[in-house]
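Undergrad: The following comprises the amino acid sequence and a computationally predicted model.
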2 protein chains.
Amino acid sequence: MPKLWNETIEQHRRAVRDAVVEVTAALVAEHGLRGVTMSRIAEGTGIGRATLYKYFPDVESIMSAWHERQIAGHLQELAALRDRPGSAGERLTAVLDAYALIQQRRHGHDPEISAVLHRGDHVDRAERHLLRFVGELLAEGVEAGEVRDDVSPDELAGYCLHALAAAGGLKSRAAVRRLVRVTVDGLRPERGPVRQITSQGRRGI
Amino acid sequence: MPKLWNETIEQHRRAVRDAVVEVTAALVAEHGLRGVTMSRIAEGTGIGRATLYKYFPDVESIMSAWHERQIAGHLQELAALRDRPGSAGERLTAVLDAYALIQQRRHGHDPEISAVLHRGDHVDRAERHLLRFVGELLAEGVEAGEVRDDVSPDELAGYCLHALAAAGGLKSRAAVRRLVRVTVDGLRPERGPVRQITSQGRRGI
């Protein structure tokens, strides 16, 4: 039965791939990107170097695969929060809070590793996905009267994700919570007549 | 009179340096970083190649000097807005609006050039300076009762600068104005009882 055989091979390949990615992430976390070689990864995974090269050309590509998984996991986590019961505003706050925590953790990474990880197309794709995801949730909030409607959900999504990136510099959970609170306050509708900024004589807040 | 002589030399050197930086920035804007060589810069400035190398080792270092000047210019611009008459809130909004416009212009740059420019220590220094600068203005706003006091000015400064970085993706002046409005709305005091996010059962916005 060739079909079963193919499935078995496919499963085996996936298992090897997963193991390589896990082992590499653990090694890089311990020794840094420069301290990890393909030989060391092969050894850690219990496969030959030649076999390893059939899966990945270099350490960076393994870390890229690892990063893609991390991102996919984060998006799933955020989608689960979006799909929980509650008002649009509640679910939006939960999503933004979780996103801020992800940003905070992310900045614990070695900057060299981050630079390598953020080179790929998958990062751009994930960012666009996230903008759309948050934009849709904001649009729901506008519908429900829980989010301001004088600025488009797309622009508000850009504002949210940028503002919450500030979590990268924060040390405590409490500080992240405060950042989310401030960011969400910028989204509220009906905050009294908003005075415009004009090009001559800008007006106060 | 050796002192005068030294001053004259110093003036001359500064003039050459300025000319090199200006010519290089113009050439890079036109031809991109890879399209510009030291020979071309020497030619454009009207000096010999050997002389040019006495001033700068390569094109990147010239662009770095150009970038430092740009940043210094921006910081001066923001300081001038801070020092204008008006309430703390008005001056803060004017500063944040100008900062958002700088962010918007900056993103018109070639990403390759941006990567080179943002490598230097001077960028970290400028970011710290800016955080302190905006933090002080926010503290003034808190004093005046125009800015919320439930989050420290330092944390609010991080929020502002991150949120306004979203201007990099905006196409119009009007969109930048909206971003500033939303960001500033996050800074307002007394927006009704702020409901806390708790780890179980997060609450709405």
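TA: Yes, it's here.
Undergrad: mind checking how far the helix or strand A:Leu138 falls within is from the chain centre?
TA: Using DSSP states H and E, A:Leu138 falls within helix A:121-143. From the chain centre to the centre of helix A:121-143 is a distance of 11 Å (C-alpha atoms, centre = their mean, to the nearest Å).
Undergrad: contacts for the following helix or strand past that helix?
TA: Counting by DSSP H and E, the next helix or strand C-terminal to helix A:121-143 is helix A:153-164. Residues lying outside helix A:153-164 but in contact with it, judged by C-beta atoms under 8 Å, 6 or more residues apart in numbering or on different chains, are A:96, A:99-100, A:103, A:127, A:130-132, A:134-136, A:138-139, A:141-142, A:147-148, A:151, A:179-180, A:182-183, A:186-187, B:159, B:162-166, B:169-170, B:175, B:178-179, B:182-183, B:186. Using the backbone N, CA and C atoms, a C-beta is placed for each residue, glycine as well.
Undergrad: neighbouring contacts of the worst-scoring helix or strand of chain A on mean pLDDT?
TA: Each helix and strand of chain A was given a mean pLDDT (mean pLDDT, DSSP states H and E); the minimum falls on helix A:111-117 at a mean of 73. With C-beta under 8 Å, 6+ apart as the test, helix A:111-117 has contacts from A:28, A:32-34, A:60, A:63-64, A:67, A:106, A:109, A:123.
Undergrad: Contact partners for the residue in chain A that chain B sits nearest to?
TA: Nearest to chain B, among the residues of chain A, is A:Gly186, at 3.3 Å (C-beta to the nearest C-beta). Residues counted as contacts of A:Gly186 (C-beta under 8 Å, 6+ apart) are A:159, A:163, B:163, B:182-186.
Undergrad: and stretch A:52-69, how far from the chain's centre?
TA: 19 Å.
Undergrad: Kindly report the same for stretch A:73-83.
TA: Its chain's average C-alpha position is 10 Å from that of stretch A:73-83, according to C-alpha atoms, centre = their mean.
Undergrad: residues in contact with it?
TA: Contact with stretch A:73-83 is made by A:91, A:94-95, A:98-99, A:102, A:126, A:129-130, A:133, A:137, as judged by C-beta under 8 Å, 6+ apart.
Undergrad: List the buried residues of stretch A:33-42.
TA: Buried residues in stretch A:33-42, counting neighbours by 16 or more other C-beta atoms under 10 Å in any protein chain shown, are found at A:33, A:36, A:38, A:40-42.
Undergrad: Kindly report the same for stretch A:134-153.
TA: For stretch A:134-153, a neighbour-count test (16+ other C-beta under 10 Å) marks A:134-135, A:137-142, A:146-148, A:151, A:153 as buried.
Undergrad: Quote the end-to-end distance of that stretch.
TA: Start and end residues of stretch A:134-153 are separated by 8 Å (C-alpha to C-alpha, to the nearest Å).
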